Each structure stands twice: as C-alpha cells, then as structure tokens.
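>>> Sequence first, then the predicted structure, then my questions.
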Amino acid sequence: SQTIHQWPATLVQPVGSPLSLECTVEGTSNPNLYWYRQAAGRGLQLLFYSVGIGQISSEVPQNLSASRPQDRQFILSSKKLLLSDSGFYLCAWTSGTDTQYFGPGTRLTVL
Amino acid sequence: AQSVTQLDSHVSVSEGTPVLLRCNYSSSYSPSLFWYVQHPNKGLQLLLKYTSAATLVKGINGFEAEFKKSETSFHLTKPSAHMSDAAEYFCVVSGRGATNKLIFGTGTLLAVQP
C-alpha cells in the first residue's frame, strides 16, 4: 500500500533562516506531487505541484521554492524565511486518478 | 471555472444527533467531488468521493453524501454524531486536466457537544 511521509513534524525557525521540508511517497511510481500551505484561520493554498522529476509548477509567487530530485521525493525550500511563511504545510500525491492523498503535515513557526 | 462553497463555517451538534454539512459547487463539466476531514494538526483524510457512478456516496466513519445535480449540491451527512467527529471538513471539486489539481472549499468546523 502507499504511504506518504513528511518531516519534520514541527519546526521553529527565526526570520531570515533557511528552510527545507521533505516529503516522500512509498508504494507508487511517477506520482503527481503537491505542496499546500494552511495559514491560521485560512483554507488550503496550493503552492507547487510536480508531474515528474525536475518538473515544478508554481501557483503563487512567494518566498518559497520546490524541487523534485527523485520520483517520489518533493522538497520545499526557502533561502530566507519571513514571518508570513508560518503555517501548516501539507504534501499530497496522486497517481492515475484525481484523488489526492495527504501527508501528516509540518507545523512551521517563524519567530 | 470550477468553484465550491461551503455554506457554514461552523456547525455545532450534540452527540448522537444528525450532522449536516452543506456544500454547493459550480462546474462547467461533470467533476469529481470529495469530502475530506482534518483533525487538529493532522493531514487531510479522504472521507468519500463522488464520480458519477451513484448519487449517494457512502464514506468512512458512517458519513455519506448525496450528489444533486439540479441543486449543484453535495451535502455531507451522518445520522448520529460522535465526539470523535469534531474536526474541520472540506468539500472539494476536481479541476480539469492531467495535473489533477483540486479546488477546496473554505472548510466547516464541526463541534460536537456532549
């Protein structure tokens, strides 16, 4: 069966520090991968999606970037965090259907 | 373009009473429709999915949803609420194309009172 992992689960970072969040999927190949952010009191915002290795589409211009170095690995990065980057980050995958399956999320607090 | 509207941002019910979470959608084609649930500080879990095979869709944990094309609605129901149902619920419509992007409602926070 397929599983999706995200780490770290929680992260507290100072403003201006770099960021790297990782998402990996097991049990499937060539998935579509997605990064979402959920800010406090707001809905889900799609940040990036990828349909294959090295293929990244950005939905919202921002301080973040994404990479897909391997088929089942999706990384969310920033060179310098802003206060507004705080939120709950969710990774999701889909393969062959339009049903997305979500990871457990990473709670990022920027101080 | 596709859109989804969740008509209530907060719903409060007593344990053992029915749950109704309302969702209306707009789409220029026949989309897939989903309900996801999110418990605090957790990822989203798929409750159920409508794909035009049957208008009444049964999901996990006793939830079900009925697709009504004439009303463009996809309301989520459960006959008897349990304390563990307290969570945020998202109604979602599928986008078009190979990217499989989803359009999310703003969520309904369900509170269950003892």
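Happy to help now that I have it.
>>> Quick check, central residue of chain B?
Among the residues of chain B, the one closest to the centroid is B:W35, at 3.3 Å (Cα atoms, centre = their mean).
>>> Pretty sure that one sits against B:L48.
Yes: the criterion here is Cβ atoms under 8 Å, and B:W35 meets it with B:L48 at 5.4 Å. Where you see a C-beta, it was placed from the backbone N, CA and C, and this is true even at glycine.
>>> What strand or helix carries B:Q45?
With secondary structure defined by DSSP states H and E, B:Q45 is part of strand B:44-50.
>>> and that strand, does that touch chain A?
Yes: Strand B:44-50 lies within reach of chain A by Cβ under 8 Å from any Cβ of the partner chain, at B:L44, B:Q45, B:L46, B:K49.
>>> And the strands in chain A, which stretches?
A:3-7, A:10-13, A:19-26, A:32-38, A:44-52, A:55-58, A:65-70, A:73-78, A:87-94, A:101-102, A:106-110 (DSSP state E).
>>> What strands flank the helix or strand that contains B:T5, and is each parallel or antiparallel?
Using DSSP H and E, B:T5 falls within strand B:3-6. When pairs are called by DSSP bridges, strand B:3-6 turns out to pair with strand B:23-26 (antiparallel).
>>> pLDDT of the next helix-or-strand element following the strand it pairs with, averaged?
Proceeding N to C from strand B:23-26, the next assigned helix or strand is strand B:33-38, under DSSP H and E. Per-residue pLDDT over strand B:33-38 has a mean of 96.
>>> what comes into contact with strand B:33-38?
Around strand B:33-38, the neighbours that count as contacts under Cβ atoms under 8 Å, 6 or more residues apart in numbering or on different chains are A:99, A:102, B:21, B:23, B:25, B:44-50, B:59, B:63, B:65, B:67, B:74, B:76, B:87-94, B:102, B:107.
>>> buried stuff in whichever helix or strand B:F74 is part of?
For B:F74, the element it lies in under DSSP H and E is strand B:73-78. Buried positions in strand B:73-78, judged by neighbour count with 16 or more other Cβ atoms under 10 Å in any protein chain shown: B:S73, B:F74, B:H75, B:L76, B:K78.
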